[in-house]
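> Below are the sequence and a predicted model; questions follow.
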Amino acid sequence: MLLCGLLLSGFTGSPLSALSAVYGGAGSVTAGEVGGVKPVNKEQMAKPAVDPVPQIIRAVSPSVVGIIGKASGEPGGPDDRYNLTHGSGIIVKADGWIITNAHVMTGLQNAVVVTSDGTSYNITDTYMDELSDLALIKIKAKSLKPAKFATSSAGIQVGEKVIAIGTPISFSLRNSATVGVISGLNRSVDAAYRLIQSDTAINPGNSGGPLVSMKGEILGVNSLKYAAVGVENMGFSIPADTVQYIMNQLLKYGEVRRPSLGVELEESWPVIVGLPTQEPLTVTKVVTTEARKAGIAEGDVLYAIDGHRVTSLVDINEWFKQYKPGAVVKLLMQSDGDIVARSLVLGQGDPLVNAEEAEVDDDAQAEE
């Protein structure tokens, strides 16, 4: 239309000159060009974009293992050869260290690890942290391919495509892959730490396997899902930064040395039901001598730790990743109606216990 307008207005140059004017071109026009614009190769136009998913699965799958063993306490008795349970794991060191879920290893007897090439290994060491639902196991191996973990969860976006790899339902389905998107971040769902929500299809046996980004990095460890009639594609993964925090402590100490406030706290009703709130936590019990020395009493309420506002137990667990037992923190609290500052030496142990368990919806039970 622009060209027609130029011509109808009395433009006296050649059509090529007109096109050159329209496109802002200058100088001579070479063969095969119009107004300095090169024609597009038809084969290039028809060539579809390469899907990176298969390549990422091929690259990450050698770092994913299956874990299987006897299921203690299950029907069929310990001598039943079919009385087995299984899960997944991620190789984190070439010499045989593997991260998985604690609930995969709990009660598992005579467990073996099977790598993607079909090689079986006995487990020589097991370290578990039930609070985070993570476990670190060791096999006698070398030259394994460790997975690459994302350094932080800060750059993850809702809607980002992800891949889950693991051993769903049957051990014969090892290294199965499913694709989905990140559905939500910072979810506080039946866990001590915040989780990543995705709609990738994960099933019993996927526990302990990786949630993988389009960069081929491990974003998290698949841990649980919601399973009920009418509930679909609601899986949750432990973020990579939490995995690194727990794993580093298990490698160094064989346990997780968490700092503790030495009190039991009760969350507010809005927090329990998932409503946005700034309501503080209430002290229901003072457990340690350090907490008593700090002047903390039952009925006090906690607003902030070192200037960081906290409203839930998960908030405190996440904030405490940067502290060690023995550190001194400043607590902003309310006691007998007065706003007060307390100085507390952090102890060691389970950081907090909620005095009132949240009710679980009967229509949507969390399934590990």
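Perfect, thanks for sending it. Numbers count the residues shown, from 1 in each chain.
> what's next to the lengthiest strand in the chain, contact-wise?
For the chain, the longest strand by residue count, based on DSSP state E, is strand 176-187. Outside strand 176-187, the residues that touch it by Cβ atoms under 8 Å, 6 or more residues apart in numbering are 53, 57, 61, 153, 156-168, 194-202, 233-234, 236. (Each C-beta comes from the backbone N, C-alpha and C, glycine too.)
> Low-confidence ranges, the stretch 151-300 of the chain, go.
The stretch 151-300 of the chain contains no residues with pLDDT under 70.
> which residues of it fall in helices?
With DSSP state H, counting those that start in this stretch as the criterion, the stretch 151-300 of the chain has helices at 240-253, 269-273, 289-293.
> With the stretch 1-150 of the chain instead?
Counting by DSSP H, counting those that start in this stretch, one finds helices in the stretch 1-150 of the chain at the ranges 2-8, 15-22, 42-46, 53-60, 102-105.
> just to revisit the earlier point, check the contacts of strand 176-187 for burial and list the buried ones.
Among these, those scoring as buried are 57, 61, 153, 156, 161-168, 194-202, 233-234, 236 (criterion: 16 or more other Cβ atoms under 10 Å).
> Inside strands: which ones of those residues?
Among these, the members falling in strands (DSSP E) are 161, 162, 163, 164, 165, 166, 195, 196, 197, 198, 236.
> now, which of those residues sits nearest residue 303?
Relative to residue 303, the closest of these is residue 195; by Cβ to Cβ it sits at 25.2 Å.
> Break this structure into its domains for me.
Domain segmentation of the chain under automatic domain parsing yields 54-139, 161-245, 259-348.
> how about these in JSON lines, adding distance to residue 148?
Below are the domains of the chain laid out as JSON lines (distance: least, Cβ to Cβ, whole Å):
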{"stretch": "domain 54-139", "distance to residue 148": "8"}
{"stretch": "domain 161-245", "distance to residue 148": "5"}
{"stretch": "domain 259-348", "distance to residue 148": "21"}
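> Need the winner for burial among those.
Compared across the domains of the chain, domain 161-245 shows the largest average neighbour count, a mean of 21 (mean count of other Cβ atoms under 10 Å).
> Quick one: end-to-end distance for it.
25 Å (Cα to Cα, to the nearest Å).
> gap between that domain and the chain center?
In terms of Cα atoms, centre = their mean, to the nearest Å, the centre of domain 161-245 is found 7 Å from the chain centre.
> do the same with stretch 157-166
Here stretch 157-166 is found 10 Å from its chain centre; the criterion is Cα atoms, centre = their mean.
> what's the answer for stretch 342-349, then?
From the chain centre to the centre of stretch 342-349 is a distance of 29 Å (Cα atoms, centre = their mean).
> looking only at pLDDT, what's the mean for that stretch?
What stretch 342-349 shows for mean pLDDT is 92.
> residues making contact with it?
Applying Cβ under 8 Å, 6+ apart, the contact partners of stretch 342-349 are 257-262, 288, 290-291, 294-296, 320, 323-331, 333.
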